[in-house]
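Participant: build me a model from this:
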Amino acid sequence: MIIKKVTCKTALSLSKLPGLDYSLNPYTGCEHKCAYCYSPNILRIPRENWGNFVYIKENIPLVLSKELKKKNKGVVGISTVTDPYQPAERKYQLTRFCLQQLLNYDFPISIQTKSSLIERDIEIIKKFSDSEILITISTLNDYERKLIEPNSSPIQKRLMVLKKISELGLKTSVFFGPIYPSITKNDIPQIIDVFIDNNVSKIMIDNLHLKPGVWNSIKKQITTDQNLLEIFSKNLFENNNYFKELRKEIIVAGKEKNIKIVDAF
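Facilitator: Okay, the predicted model is just below:
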């Protein structure tokens, strides 16, 4: 893993994502090494390099503090092309320092992560007048998670954090995406029940978009499990209605169980 300290000229970028006015990415690169990650496509970084480096924007809290004096208040998405609580955050704490700056001006925040490390900063997040925490959970199968998201937090830890945060009165949601192509329609009711049991206010869903290089990346990381590889391949390339049918099942389950379902994109 290449860890390199760099400086940045800007901290907040205008966001085109629904519900976000700004994006804040304290790091470039991500240690989680998720096979399906779209960030290499967005940042135009060779996919074979993704997951092997992290650039630490060491001056971003200072740059942010200066920008916040001039910016109109709006929702800040933390983060959009990296995970703000990837392992490097434990040492460098850039996300924590940025949260402290945002709190000074009480900007609304929306944090998305698949790391249980977010629990460390709950005392800061609680002080915001408007905050939301989205925990990404694409499967409940931790064996598959280890293959496809090898350096991310175990699913059970993410669920525990979700429940703990919600019990403190904070708004929590699940980003159920990209949905693993191994999930069946019969799995959906149980998955929705698990999310509800951990007190989420809504479930945001997204399918697996095969952007350039994504399938080759997935194949490389699950090649040791031929059965899983065949299931993924069949549902991604042969079963044209796979995600459409899953979405219908999720919508029905959401209505039956009275939980809000939102399409991500």
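Participant: quick one: classify I135 as helix, strand or coil.
Facilitator: Put simply, I135 is strand when judged by DSSP: H, G, I helix; E, B strand; the rest coil.
Participant: ok, it touching L117?
Facilitator: No - I135 lies out of contact with L117 (CB atoms under 8 Å); the separation is 11.6 Å. Backbone N, C-alpha and C define where each C-beta goes, glycine included.
Participant: of the two, who's got more company?
Facilitator: Taking neighbours as other CB atoms under 10 Å, I135 and L117 compare with I135 leading, 27 against 19.
Participant: burial of V76, as a residue count?
Facilitator: 25.
Participant: just Y85 next, same as before
Facilitator: 27.
Participant: which residues touch it?
Facilitator: Residues counted as contacts of Y85 (CB atoms under 8 Å, 6 or more residues apart in numbering) are 95, 113, 115-118.
Participant: any idea how far the strand or helix carrying K5 is from the chain center?
Facilitator: Using DSSP states H and E, K5 sits within strand 2-6. Distance of strand 2-6 from the chain centroid (CA atoms, centre = their mean, to the nearest Å) equals 22 Å.
Participant: so D263 sits against N207, correct?
Facilitator: No - with contact defined as CB under 8 Å, D263 does not reach N207; the gap is 9.7 Å.
Participant: compare neighbour counts for the two and give me the winner.
Facilitator: N207 (18 against 13).
Participant: any weak-confidence spans in this protein?
Facilitator: For the chain, applying pLDDT under 70 flags the ranges 265.
Participant: any common contacting residues for D263 and N207?
Facilitator: Common contacts of D263 and N207 (CB under 8 Å, 6+ apart): R247.
Participant: okay, and which of the contacts of Y85 map to helices?
Facilitator: Those of these mapping onto helices are T95, per DSSP state H.
Participant: who wins for most neighbours among the contacts of Y85?
Facilitator: Within those, neighbour counts (other CB under 10 Å) peak at T95, which reaches 30 neighbours.
Participant: just the strands in the stretch 101-250 of the chain please.
Facilitator: 109-113, 131-136, 171-176, 202-205 (DSSP state E, counting those that start in this stretch).
Participant: save the ones you listed as TSV, and put in distance to A11 too.
Facilitator: Shown next, in TSV, are the strands of the stretch 101-250 of the chain (distance: least, CB to CB, whole Å):
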stretch	distance to A11
strand 109-113	13
strand 131-136	18
strand 171-176	23
strand 202-205	25
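Participant: V161: which of those strands is closest?
Facilitator: Comparing these by their distance to V161 (CB to CB), the top pick is strand 131-136, with 6.6 Å.
Participant: and the helices in the stretch 51-200 of the chain?
Facilitator: Applying DSSP state H, counting those that start in this stretch to the stretch 51-200 of the chain gives helices spanning 60-68, 88-92, 94-105, 122-125, 142-148, 155-167, 188-197.
Participant: cool, thanks, signing off.
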